[in-house]
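# Turn this into a structure:
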Amino acid sequence: MARLGTIPFFKDPGIELGPFETRCHWRRFDENEVLVDFDDISTDVYFIASGEVRILNRTQSGKEVILGEMRGGAFFGELAAIDGIGRSANVTALTRGEVCVVPATVFRQMVFASEAIADRLFRLLAKRVRELNTRLMEHALLDLKHRLYAELLRLSVPRAGTSGERVVSPPPYHHVLAARIGCRREQVTREFTAMASEGLVDRTRGALVLRRPDLLEARVAEALREDS
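Coordinates of the predicted model:
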């Protein structure tokens, strides 16, 4: 059964996907399974059909920094497919799921053959560079409190049925947030206590509610102006 066309990245490619179909393979993964690891020499590209994974990096001292999570429709591994250099991050499954594994040679052939696919790849890489630039600026200029504000805003979505509130669902663990912004879990816990006392956040069943995201955004913007 043709399945490549079900992957958003390959939708309406303007080329026949059939010749590439048999050169890719699908595989299921389990929770906590490592899909790729630091410095792996593999160059396959992984397209997530279902499930969720976490991408993290590791410093020379062994400290792990969470770069983000990906769900169905996203993909990873394109950098190794482009330059052939060992993997720069670890990708571990948070849930069970399935991926389509596309060999680097096949991925490159599809990109070169389809203007639509190439355009999507260019736009995606540009978006990721901009996001990394934003996080680099935050780490360079913001203190812990404002980095936490920025990360919560980035993780949140508008809360249905309210005006102005946002939610992070499921609510993130403090040690996960600490790994995302480069600090200790205890520091995140202290900041949440302070935010709760101000009425900025509230924890409900299944979600962390940002009561005043507008105020958090204003504080982050002010902190960036002060340090610029």
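# Please count neighbours and contacts with C-alpha atoms only from this point.
Will do.
# Quick check: the gap between the closest residue to residue 78 other than its chain neighbours and residue 27.
Using Cα to Cα, 6 or more residues apart in numbering and skipping the chain neighbours, the partner closest in space to residue 78 is residue 45 (5.5 Å). Distance from residue 45 to residue 27, counting by Cα to Cα, to the nearest Å: 13 Å.
# Show me which of those two is the more surrounded one.
residue 45 (24 against 11; other Cα atoms under 10 Å).
# what pairs with the more buried one across the strands?
When assigned by DSSP bridges, residue 45 has beta-bridge partners residue 102.
# That one reaches residue 108, doesn't it?
No. The criterion here is Cα atoms under 8 Å, and residue 45 misses it with residue 108 at 10.1 Å.
# Overlap in contacts, those two.
residue 81 (Cα atoms under 8 Å, 6 or more residues apart in numbering).
# overlap in contacts of residue 45 and residue 27?
By Cα under 8 Å, 6+ apart, the residues touching both residue 45 and residue 27 are residue 101.
# number of nearby residues for residue 152?
Residue 152 - counted by other Cα under 10 Å - has 21 other residues nearby.
# got the contact list for it?
residue 168.
# Now do the SS call for it.
helix (DSSP: H, G, I helix; E, B strand; the rest coil).
# any idea of the pLDDT on it?
Listed pLDDT for residue 152 reads 97.
# For it, give its distance to residue 187.
15 Å.
# again, but for residue 46
35 Å.
# go on, residue 132?
Distance from residue 132 to residue 187, by Cα to Cα: 23 Å.
# Going by neighbour count, which residues of stretch 219-228 are buried?
219, 220, 223 (16 or more other Cα atoms under 10 Å).
# Please look at the first one and residue 147 and confirm they touch.
The reference is to residue 219. No. With contacts counted by Cα under 8 Å, residue 219 stays clear of residue 147, the gap being 10.6 Å.
# So what are the structural domains in this protein, by residue number?
As assigned by the TED database, the chain contains the domains 4-132, 142-227.
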